[in-house]
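S.K.: how would this look folded up:
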Amino acid sequence: MLPEFYAHITIKPGKTSAVTIFFIPKLPVVRQVEANVESEHVPQLLFLQAQRNVANKYAGLEGLPIDFIKRHSMAIQEQIYKDMSEQGVIRRYKINVTPKLFVGEKTQIYLQAKTRIYDIRGLVYMDIGRTQNQYIGETVLQAHLGRKIGTQHEVFTDVQLRPGNFTWNMRLGYFCQAKRVQLGIRYETADETVHVFGNVDWQKRWQWRWDRNMTMKRNEWGFRHRMRNYLGIEYVVSSTDHWIRLLGYM
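M.R.: This next block holds a predicted model:
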């Protein structure tokens, strides 16, 4: 039975009668399908092709009744999981992808990608409004390379490049993650300082962070909002200044 459709039957009589059945979807129907990847530990750029493949394949859901999709949502999610598992980037980096289907006129497929071993991230940020001349319009490229120890601990290296004056900085550290709270310590080679830091995440796209420079006895606080998968903004307050930071996630 297909209760989400109207059945329209036409009969063409003759020696051999022909019966044609049309199934007409009941409103409301899916009008758009969108696929998005959420990845905290692997660069999202790696998933662009896999994301396009999923979006193209499941564009066929457009025009089907919303109630019909909801009734079969578990089977659809299982099929999406199988399709993602066959993608080359997923097999190569041993990534676990959990699909979530949010059904509506604009149906969204969320693909949450995680890896149990590595934490690899890319970030670009630019500071706007700093009063100290050497930091005005400063742009920083950052690569985060981490190795997980169990489910809550990680040792990491951040490599930073400031293209404006072509200077490098390496940050070597460790942190412990407990649900939405992260606490850690790191050493920075550029100015030979030791920092302790903490992050608190909530509602997926909001984050509060704190950084204490133990060597220079300075504090820095940040209130961050991730507006899109690849774009964020942060208001930063330090012991001597405050400014806006634009962030690009890779």
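
S.K.: quick one: buried residues of the helix or strand bottoming out on mean pLDDT in the chain?
M.R.: Least confident helix or strand of the chain, by mean pLDDT, DSSP states H and E, is helix 88-92 with a mean of 84. For helix 88-92, burial by neighbour count (16 or more other C-beta atoms under 10 Å) applies to Val89, Ile90. C-beta: built from backbone N, CA, C; applies to glycine.

S.K.: hmm, who's touching it?
M.R.: The list of residues contacting helix 88-92 from outside it, by C-beta atoms under 8 Å, 6 or more residues apart in numbering, reads Leu46, Phe47, Gln49, Ala50, Met84, Ser85, Ile95, Val97, Ala113.

S.K.: mind checking which helix or strand the last one is in?
M.R.: What that stands for is Ala113. Counting by DSSP states H and E, the element that carries Ala113 is strand 106-114.

S.K.: hmm, back to that, who wins on neighbours among the contacts of helix 88-92?
M.R.: Using other C-beta atoms under 10 Å as the contact criterion, the top neighbour count among those goes to Phe47, which has 26 neighbours.

S.K.: The longest helix along the chain: which residues count as buried?
M.R.: Looking only at the chain and at elements set by DSSP state H, the helix with the highest residue count is helix 73-85. By neighbour count, with 16+ other C-beta under 10 Å as the criterion, the buried positions of helix 73-85 are Ile76, Ile80, Asp83, Met84.

S.K.: buried residues in stretch 56-66?
M.R.: Within stretch 56-66, judged by 16+ other C-beta under 10 Å, the buried ones are Tyr58, Leu61, Leu64, Pro65, Ile66.

S.K.: Among those residues, name the ones in helices.
M.R.: Secondary structure of the buried residues of stretch 56-66 is defined by DSSP H; positions in helices are Ile66.

S.K.: Can you pick out the most distant pair from the buried residues of stretch 56-66?
M.R.: Tyr58 and Pro65 (15.5 Å; C-beta to C-beta).
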